[in-house]
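Enquirer: Sequence and computational prediction follow.
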Number of protein chains: 2
Amino acid sequence: MTVNHEPPQNTDAVHAVLLSIGDELVLGQTVDTNTAWLAQRLARRGIACVRHETVADDRALIAAALRRAARDARLVLVSGGLGPTADDLTREALADAMGVSLELHEPSLNQLLKFFKRLDKPMPERNRVQAMCPIGATMIPNAHGTAPGIHAELKDEERETSTHVFVTPGVPREMKGMFDDAIEPRMQAFTGSADTLLTAKVNTFGLGESDVAQKLGDLMARDRNPTVGTTVSDGLCSVRIRVRHADPATAARLRDETIAHVEAALGAVCFGHDEDTLQSALIKSLHDKGKTLATAESCTGGLLGSLITDVPGSSNVYAGGWVTYSNAMKTSQLGVDPGLIEKHGAVSPAVAEAMAQGARTRSGADFALSLTGVAGPGGGTEEKPVGTVWIGLATPEGVTPYLAKLTGNRAAVRDRAAKCAMQLLRLTLLGQDPLQVRWVTKPDASDTLAS
Amino acid sequence: MTVNHEPPQNTDAVHAVLLSIGDELVLGQTVDTNTAWLAQRLARRGIACVRHETVADDRALIAAALRRAARDARLVLVSGGLGPTADDLTREALADAMGVSLELHEPSLNQLLKFFKRLDKPMPERNRVQAMCPIGATMIPNAHGTAPGIHAELKDEERETSTHVFVTPGVPREMKGMFDDAIEPRMQAFTGSADTLLTAKVNTFGLGESDVAQKLGDLMARDRNPTVGTTVSDGLCSVRIRVRHADPATAARLRDETIAHVEAALGAVCFGHDEDTLQSALIKSLHDKGKTLATAESCTGGLLGSLITDVPGSSNVYAGGWVTYSNAMKTSQLGVDPGLIEKHGAVSPAVAEAMAQGARTRSGADFALSLTGVAGPGGGTEEKPVGTVWIGLATPEGVTPYLAKLTGNRAAVRDRAAKCAMQLLRLTLLGQDPLQVRWVTKPDASDTLAS
């Protein structure tokens, strides 16, 4: 075959290329989270990304990537490589791509001096380079750190196009602050005429991706507008909805109609939209009913409590919990009969019940969830393989043990176990069948006897 | 300026391009973790990435990205877009880039039928597409899911080059299994002659990036081999070391010497290498001394316990803990005097001390760590702003309160607080000064009185 470099089609709307700079990213030592955040922000404004690219701390490679990006998009957002150290080369590479040199920008230097004065430290000489600006570009103040950002225009005379390049530091907090404060407002000037591109996610837990696809049926037809797709991440299956329309109101209506169709097709396993988490949905359900919760964790070691208290305001419905990692703690802190542990093992429906009951009684909460299982990698047996987790749910009416059979590594088993527990309680609070969660069963008599 | 597409320099060694396919990635709805994993695996074999690229579920864009990648690298790893649904288009795009059509691959179809038979389900008709293979390519069996991978060679007759393309599913578990089982062995054939590229990380917690750079001094000179750089992620500052050398033994020696220099310059804040975590380092220290730990958490809500029990085998040194999120739980479960809470507030050195003392006594562990603070976004006051966290450390000798002044959002404050607590105990166990952690101070008498 002959390899050709093809510019992307559909050049009526503003497209963007996102560039991330850093050896630690190219080497895989750090996972890039900036790009996903920026892509979401651009999507909200109706700007689609042609692609994301990650480039090493190499002046020539960065300059080449900037030129390639400027060829393919009218907007290029670059993050990283503006620090004070010798491996920070984005500023120099941008000057190379513009065909200019760097000059000192006095206001930025003054900002830097002020920044260090506030810290009661002299400015290290190496930070001076952060006040250097490619000639013809403008600096963007950084309210959250030392490195100012840079805004430049790369003009392609042959094609008569012009591309706006914004460079921010790679530190997520500084990048996000700078995007909100300075870059998004400046983008207004040249992105006004784009189609509205709206996206939404419907988040589910408890079904596999192919179950979801089956239930969605024709909603997932490729030529539909909005388009509907599915993504699995950390055991959650999200339904992605994406609509493009010239009229913003129509786009919003089409999106909302599709959300309603998706939710009707999937039912109560849908726990929220967009950034909603299972824990925030559970807390909302508890809050709506005026009920409180306590936890008793063994194999998850505090993960369930940690997830629940991720949510600001969780203290209104969450009393607290126990991490009874050792059997002695199960007995001394939750009153689990040592005879039960000896007879059935710590990973058993009887112990899950006793843990949940003990947590409910001792905390005074309305509900308690307990978890005891084999997270791996060691500790599995033929009878109780890695991934076997008993979940106890104590309610004002009594206590029920559920068996979750999970797969994956230690982190996956712990994460899915905590999520199963939250979805079990959430569905119970909503009066829905908790066994909709596909990994979960109720033991029959033989299970209980066997364990 | 004129925009040119420049191929990368230094074409003696095998370079790679990593392509990730998926709307959810381009839209930022999912953070791509595959790429970092693959980049690390390639780096171990001495293969550097020219770049990473992320492309939407669009047949033409994927085909263009494949052609562009084949122009710039001799190895292209693609993940995603092999699923059974209509938005999975990588297989078609690869056929387009090769200039061929798809044909049914009977052995893959038989594998699929077997896979569904094991699940006691009929194979949905839509899964049949997963057995389609571009003519001239070979299929790679998938031991962990339905979609086989694909191995193809893209030849550029003009340049007389040939590029190996490997396509895997996007599901991390399936991708990783396929890389280890099939792709890495096949890569042997054409990556034998490359320079050895070795990387290492020295992980630190407790210093800022500029403190680290200052202490490292000339080790960070740009022209040094190995190169030394720093990266900050989640409060950890990692020192990245990267060496390239024709002789593998020399490369390893140079790397190890530089690791030793870095550790000598930074001291006990270095807690490990590469994938070592602060929690695994703490558990190792406890294990080495034969000591046990319990935890009592308020603002972190179980996060500290969850981090500690992330580590397999932590049950040997971790008894368990309490999530005393409500004041009532602090009193009923840890014996914190309600008068102390009333007088000093729950966020105070007195309550941190009482929580740690209560956890140590009631668990019977040698050490106990407690955390009580203002994680935000609400709850801050002028006297105790968001980010104020008191950490209690109870030892056989007594109990000490430490004050951590942290910045960032709720998740950052909780994460840094748990890390400060772990590093405080680790440094104490090593007989090192715990106040090396820059965010932490010991209260003087006035702090204690004020709170």
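Expert: In hand now; what should we look at?

Enquirer: Give the residue spans of chain A that score low on pLDDT.
Expert: For chain A, the stretches with pLDDT under 70 are A:1-13, A:191-195, A:444-451.

Enquirer: Mind splitting it into its structural domains?
Expert: A:15-191, A:196-273, A:278-441 (automatic domain parsing).

Enquirer: Please state the offset of the last one from the chain centre?
Expert: Centroid displacement of domain A:278-441 relative to its chain, using Cα atoms, centre = their mean, to the nearest Å, is 24 Å.

Enquirer: Check the separation of the first and last residues in that domain.
Expert: The stretch domain A:278-441 measures 20 Å between its terminal residues, going by Cα to Cα, to the nearest Å.

Enquirer: Grab the nearest non-local neighbour of A:Q279.
Expert: In space, A:Q279 comes closest to A:L307 once its chain neighbours are excluded; the distance is 4.6 Å by Cβ to Cβ, 6 or more residues apart in numbering or on different chains. No exception for glycine: its C-beta is placed from N, CA and C like everyone else's.

Enquirer: Helix, strand or coil: sort out the one you found for me.
Expert: helix (DSSP: H, G, I helix; E, B strand; the rest coil).

Enquirer: doesn't A:A421 make contact with it?
Expert: No. If you go by Cβ atoms under 8 Å, A:L307 and A:A421 don't touch, sitting 9.7 Å apart.

Enquirer: returning to what we had before: to B:A319, which of the domains of chain A lies closest?
Expert: Nearest of those to B:A319, taken as Cβ to Cβ: domain A:278-441 at 5.0 Å.

Enquirer: Near chain B, which residues of the stretch 351-451 of chain A are found?
Expert: A:362-364, A:376-378, A:408, A:410-411, A:414 (Cβ under 8 Å from any Cβ of the partner chain).

Enquirer: ok, 7 Å please
Expert: Taking Cβ under 7 Å from any Cβ of the partner chain as the test, the list of the stretch 351-451 of chain A residues beside chain B reads A:363, A:377-378, A:408, A:410-411.

Enquirer: Identify the farthest-apart pair in those residues.
Expert: Pairwise distances among these were taken by Cβ to Cβ; the largest, 32.3 Å, belongs to A:S363 and A:P377.

Enquirer: what about the two, which has more around it?
Expert: The neighbour comparison of A:S363 against A:P377 (other Cβ atoms under 10 Å in any protein chain shown) goes to A:S363, with 27 against 12.

Enquirer: can you pull the contacts of the more buried one?
Expert: Residues in contact with A:S363, defined by Cβ atoms under 7 Å, 6 or more residues apart in numbering or on different chains, are A:294, A:319-320, B:329.

Enquirer: Let's see that with 6 Å instead.
Expert: Counting by Cβ atoms under 6 Å, 6 or more residues apart in numbering or on different chains, A:S363 touches A:294, A:319.

Enquirer: which element follows whatever helix or strand A:T230 lives in toward the C-terminus?
Expert: Element membership of A:T230 [criterion: DSSP states H and E] is strand A:227-233. Counting by DSSP H and E, the next helix or strand C-terminal to strand A:227-233 is strand A:236-245.

Enquirer: burial measure for A:F116, as a count.
Expert: A:F116 has 15 neighbours, counted by other Cβ under 10 Å.

Enquirer: so after the strand or helix carrying it, what's the next helix or strand?
Expert: According to DSSP H and E, A:F116 maps onto helix A:106-118. Per DSSP H and E, the first helix or strand lying C-terminal to helix A:106-118 is strand A:132-134.

Enquirer: my guess is A:S233 meets B:V31, correct?
Expert: No. Contact between A:S233 and B:V31 fails when scored by Cβ atoms under 6 Å: they sit 8.4 Å apart.

Enquirer: Relative to chain B, how far out is the residue most central in space within chain A?
Expert: Ranked by distance to the mean C-alpha position of chain A (Cα atoms, centre = their mean), the top residue is A:E275 at 7.7 Å. Distance, A:E275 to chain B, using Cβ to the nearest Cβ, to the nearest Å: 10 Å.

Enquirer: I'd guess that residue is in a strand, am I close?
Expert: No. According to three-state DSSP, the state of A:E275 is coil, so it is not within a strand.

Enquirer: Phi, psi for it please.
Expert: Listed backbone geometry of A:E275 is phi -90, psi 0, with angles given as degrees, to the nearest 10.

Enquirer: nearest spatial neighbour of A:L393, skipping sequence neighbours?
Expert: Nearest non-adjacent residue to A:L393, counting by Cβ to Cβ, 6+ apart: A:T400, 5.2 Å away.

Enquirer: Which of the helices or strands spans the one you found?
Expert: Using DSSP H and E, A:T400 maps to strand A:398-405.

Enquirer: Neighbouring strands - and their directions - for that strand?
Expert: Strand pairing for strand A:398-405, using DSSP bridges, gives strand A:388-395 (antiparallel), strand A:440-441 (antiparallel).

Enquirer: Quick check: buried residues in that strand?
Expert: Neighbour counts over strand A:398-405 (16 or more other Cβ atoms under 10 Å in any protein chain shown) mark A:399-404 as buried.

Enquirer: who in the stretch 1-150 of chain A is up against chain B?
Expert: Within reach of chain B by Cβ under 6 Å from any Cβ of the partner chain, the stretch 1-150 of chain A has these residues: A:1-3, A:5-6, A:23-24, A:26-31, A:33, A:36, A:39-40, A:43, A:49, A:51-55, A:64, A:67-68, A:70-71, A:85-87, A:99.

Enquirer: follow-up on the earlier one: need the contact partners of the helix holding A:F116.
Expert: Identification of contacts with helix A:106-118 by Cβ under 6 Å, 6+ apart yields A:123, A:127, A:131, A:139, A:146, A:148.

Enquirer: all helices for the stretch 51-200 of chain A, in order.
Expert: According to DSSP state H, counting those that start in this stretch, the stretch 51-200 of chain A carries its helices in the segments A:59-72, A:90-98, A:106-118, A:172-178, A:184-187.

Enquirer: so which of those comes closest to B:V202?
Expert: Per Cβ to Cβ, nearest to B:V202 of the helices of the stretch 51-200 of chain A: helix A:172-178, 22.3 Å.

Enquirer: Contacts for that closest one next, please.
Expert: Contacts for helix A:172-178 (Cβ under 6 Å, 6+ apart): A:34, A:79, A:140, A:142-145, A:149, A:168-169.

Enquirer: coming back round to it: now for the strand holding A:T230, which elements pack on it?
Expert: Under the contact definition 3 or more Cβ pairs under 6 Å, 6 or more residues apart in numbering or on different chains; DSSP states H and E, strand A:227-233 sits against helix A:209-216, strand A:236-245.
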